[in-house]
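J.: Sequence and predicted model, in that order:
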Amino acid sequence: MKMSKEKRKQIEAKTDGRCAYCGDIYRFDGEHQVDHMIPRIQGGSSKVKNLVLACRKCNNLKKGRTVEQFRYYIIGGIRKYIEQAEKHLELYNQYISDDARGLVMEELAIIDKNIDRLARSGAASFYFDDIEVSE
Ligand SMILES: [Zn+2]
């Protein structure tokens, strides 16, 4: 995306030069990119209000998601981990002792409960959530 130096500076100032999502400062793996919080493909504008700095890692993870969709994507990743563990238990059921299965199921239930709690309390949080972002 082509933009003026002035616009880029305004965007950098919003998060003090840090990635809006993880808070990383500039590192040697490349300059921070400019991210559309609401992606263009979902109708987001290219005004400063909708733009933030994002490191490569966060930008690649977020892709065409809105910020809220990004939060749920992150939580969804933990859910997938639980689902995979459950599938594994099912698949290798005959080799796993009742005690071990019981222990794993208990642990998974705890993680599951905490994800629900986390999701209700605003899912994942990002660096910009905790700072005052000027527009
Ligand atoms: Zn980041």
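T.: Here it is on my side, so go on.

J.: all contacts plus neighbour counts: C-alpha atoms, from now on.
T.: Fine.

J.: where do the strands sit along the protein?
T.: 33-36, 51-54 (DSSP state E).

J.: out of the ones you listed, nearest to the ion?
T.: The ion lies closest to strand 51-54 among these, at 5.3 Å (Cα to the ion).

J.: Keeping just the C-alphas, turn the closest one into CSV.
T.: Taking C-alpha atoms only, strand 51-54 is exported to CSV below (Å, rounded to 0.1, in the frame of the first residue of the first chain):
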residue,chain,number,x,y,z
LEU,A,51,-4.9,1.5,10.1
VAL,A,52,-2.4,0.2,12.7
LEU,A,53,1.2,-1.2,12.7
ALA,A,54,1.4,-5.0,12.7
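
J.: Which strands and helices lie in contact with that strand?
T.: In terms of contacts (3 or more Cα pairs under 8 Å, 6 or more residues apart in numbering; DSSP states H and E), strand 51-54 is packed against helix 5-14, strand 33-36.

J.: Get me the contact residues on the protein for the ion.
T.: Cys19, Tyr21, Cys22, Cys55, Cys58 (Cα under 5 Å from the ion).

J.: which of those residues tops the neighbour count?
T.: Among the residues of the chain next to the ion, the one with the most neighbours (other Cα atoms under 10 Å) is Cys19, at 27 neighbours.

J.: pretty sure that one is touching Ile25, no?
T.: Yes: counting by Cα atoms under 8 Å, Cys19 touches Ile25, with 6.5 Å between them.

J.: so what's Ile74 up against?
T.: Shown in contact with Ile74 (Cα atoms under 8 Å, 6 or more residues apart in numbering): Ala124.

J.: Next, count neighbours for the spatially closest residue to Arg40 that is not a sequence neighbour.
T.: Spatial nearest neighbour of Arg40, excluding adjacent residues (Cα to Cα, 6 or more residues apart in numbering): Ser46 at 7.7 Å. If you count neighbours by other Cα under 10 Å, Ser46 ends up with 16.
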